[in-house]
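Participant: got a sequence here, can you model it:
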Amino acid sequence: MHLTEEPILCYLCSLNLIIMVKYNKPALTFSQQVDLLIARGLVVNNKKRVEKTLANISYYRLSAYMLPFKECQNGVVIDRFVPDTTWEMVYDLYKFDRKLRLLLFDAIERIEIAIRTQIVNQLSLKYGSHWQDNRSIFKGPITRRRRDGSTFTDDVFADMQQHIKDRLHNDRSETFIQHYRDTYSEPENPPSWMSVEIMYFSQLSRICDGLKKRADIVGIAKYFSLPPQTFLSWLHALNFTRNLCAHHSRMWNRDMNIVPEKLEFSRNLKWISNPDTAKRNKVYYSVCMIYYLLQTINPRTSFKKRLVDLLEKYSHVINLNSMGFPANWKDDNFWK
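Facilitator: Here you go, the predicted structure:
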């Protein structure tokens with residue numbers, strides 16, 4: 001049993017209001033869900049095949065990919081498909097989004113590993129193997145305010161130490177952690193090249209942001225041909241994108257909650273020629289950040305070709321403008 005459809009928010013553009021109603025939609029069988037789609041004007045050529053798809057991918061999940069094919073009346077999205085909209089068109093849009101997520105996730109994995117390596121290498125050479133246990137190189141606790149007005153203490157060093165301790169004593173899945181525990185009596189924590197391996201991407205971002213000396217973050221950012229503040233901002237934004245990909249969230253036309261800092265220009269690597277007009281809350285800018293970083297990590301990366309091939313394959317169902325792609329984006333020297 002599944003929910004019948006997406007909870008549609010009807011926007012009255014002229015009044016800037018949202019109509020709120022009580023939710024009273026019943027659960028439907030997969031066959032009934034297909035019948036509902038047909039009743040709303042979707043062309044379904046093979047009902048059994050669509051039922052099978054809905055048995056594995058929920059109606060609710062697919063509903064987001066139906067919205068571009070819905071009709072609008074007076075600025076209101078209605079439960080009626082544009083004439084000649086087929087099931088294959090909706091499903092192709094879903095498949096495009098899935099393949100886009102996989103492409104971005106694969107690239108971010110490479111970026112994340114490179115960032116781990118640079119953090120460990122540069123700080124170890126400067127402060128020794130166990131720099132992560134040296135509070136003096138990190139900023140002290142900071143009191144921050146939440147949106148609701150309440151406050152909390154943000155302590156990068158303490159949080160990092162707690163994470164290492166938890167993984168060291170509770171996680172037996174990593175062989176190298178178990179080996180350290182069984183072999184060495186001190187220090188209690190493993191060296192940084194082990195400790196950083198068990199940290200999340202979000203913690204890498206916090207480590208960089210929490211370094212006390214500007215020179216420490218400058219060196220790491222310089223490797224990726226970025227100013228330090230831009231590097232920190234991009235880390236934060238890429239972590240958000242990574243989490244969307246890891247949790248199978250929609251990417252295709254999403255507005256990003258974390259807006260990265262603008263990179264004006266680059267002396268060392270190719271960069272987009274229109275940074276002032278680029279929509280930094282759209283997927284296109286995330287794609288540009290990823291490709292920029294990959295130029296350092298792997299100058300011969302196939303990311304660009306895979307991206308272009310993907311966009312061309314599904315050009316019949318995607319709107320590049322909704323993802324922030326400018327007109328004639330491939331003509332930009334950045335993509336040549």
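Participant: going forward, measure contacts and count neighbours with C-alpha atoms only.
Facilitator: Fine.
Participant: could you chop this structure up by domain?
Facilitator: Domains of the chain are assigned by automatic domain parsing as 2-85, 95-335.
Participant: do you know how far residue 279 is from residue 271?
Facilitator: The spacing between residue 279 and residue 271, counted by Cα to Cα, to the nearest Å, is 15 Å.
Participant: comparing the domains of the chain, which yields the minimum mean pLDDT?
Facilitator: Mean pLDDT is lowest for domain 2-85 among the domains of the chain, at a mean of 84.
Participant: specify the beta-bridge partners of the closest residue to residue 41 other than its chain neighbours.
Facilitator: Nearest non-adjacent residue to residue 41, counting by Cα to Cα, 6 or more residues apart in numbering: residue 81, 5.2 Å away. Beta-bridge partners recorded for residue 81 (DSSP bridges): residue 70.
Participant: doesn't residue 77 lie inside a strand?
Facilitator: Yes. Assessed by DSSP: H, G, I helix; E, B strand; the rest coil, residue 77 belongs to a strand.
Participant: next, the contact list for residue 304, please.
Facilitator: 291, 335 (Cα atoms under 8 Å, 6 or more residues apart in numbering).
Participant: please settle this for me: is it part of a helix?
Facilitator: Yes. Counting by three-state DSSP, residue 304 is part of a helix.
Participant: distance from the centroid: which residue in the chain tops it?
Facilitator: residue 185 (39.9 Å; Cα atoms, centre = their mean).
Participant: sticking with it, tell me its helix or strand.
Facilitator: Residue 185 is part of no helix or strand, with elements assigned from DSSP states H and E.
Participant: ok so, going back, okay, the domains of the chain, which one's buried deepest?
Facilitator: Mean neighbours per residue, mean count of other Cα atoms under 10 Å, is largest over these for domain 95-335, with a mean of 16.
Participant: just the strands in the stretch 1-150 of the chain please.
Facilitator: 2-3, 11-12, 17-18, 27-28, 70-73, 76-81, 142-145 (DSSP state E, counting those that start in this stretch).
Participant: which among the ones you listed is found nearest to residue 154?
Facilitator: strand 142-145 (5.1 Å; Cα to Cα).
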